[in-house]
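Engineer: please find the sequence and the predicted model below.
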Amino acid sequence: MQNDSKIENIDLIQFALKRPSIFSIQNVESFFVFFKGYSLGKSDSPVHDFFDSFDEFIHKKHPEKCLRNIDSERIIRLYSANDTHSLELLRSLIEEFIIESNIYQIKEF
């Protein structure tokens with residue numbers, strides 16, 4: 001049951017990235033706000049663990065000393081030109097993270 005819950009939550013993350021307007025997500029910040037709220041409302045959600053691991057992945061990818069204490073969504077915003085690009089960059093980074101982690105699978109929606 002725990003594994004099914006984990007897969008459902010990661011599927012939701014991927015679905016929200018592919019169709020962000022359904023969830024009123026317009027940029028990388030609103031994406032993270034949505035999932036922080038989602039994980040608070042669903043106490044058994046593995047979303048915290050996923051984003052903790054993703055945060056480590058982002059910091060390994062961008063090891064600059066000045067970025068050490070900055071949240072991953074702010075790092076993504078730093079490297080993006082606008083709201084649309086921030087979501088595209090986030091999507092590609094999450095897909096890269098999923099591929100490298102070998103824990104989850106990328107879904108086509």
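Structural biologist: Sure thing, it's come through. Numbering: from 1, shown residues only.
Engineer: contacting residues around D55?
Structural biologist: D71, S72 (Cβ atoms under 8 Å, 6 or more residues apart in numbering). All C-beta atoms are positioned from the backbone trio N, CA, C, and that covers glycine.
Engineer: tell me which element it falls in.
Structural biologist: Element membership for D55, per DSSP states H and E: helix 47-61.
Engineer: repeat that for I75.
Structural biologist: Going by DSSP H and E, I75 is in helix 72-78.
Engineer: mind listing the helices for this structure?
Structural biologist: 2-18, 28-41, 47-61, 72-78, 83-101 (DSSP state H).
Engineer: which strands or helices does the last one pack on?
Structural biologist: Using 3 or more Cβ pairs under 8 Å, 6 or more residues apart in numbering; DSSP states H and E as the contact criterion, the neighbours of helix 83-101 among helices and strands are helix 2-18, helix 28-41, helix 47-61, helix 72-78.
Engineer: who touches it?
Structural biologist: Here helix 83-101 makes contact (Cβ under 8 Å, 6+ apart) with 10, 13-14, 17-18, 20, 25-29, 31, 53-54, 57-58, 61, 73, 76-77, 79-80, 104-106.
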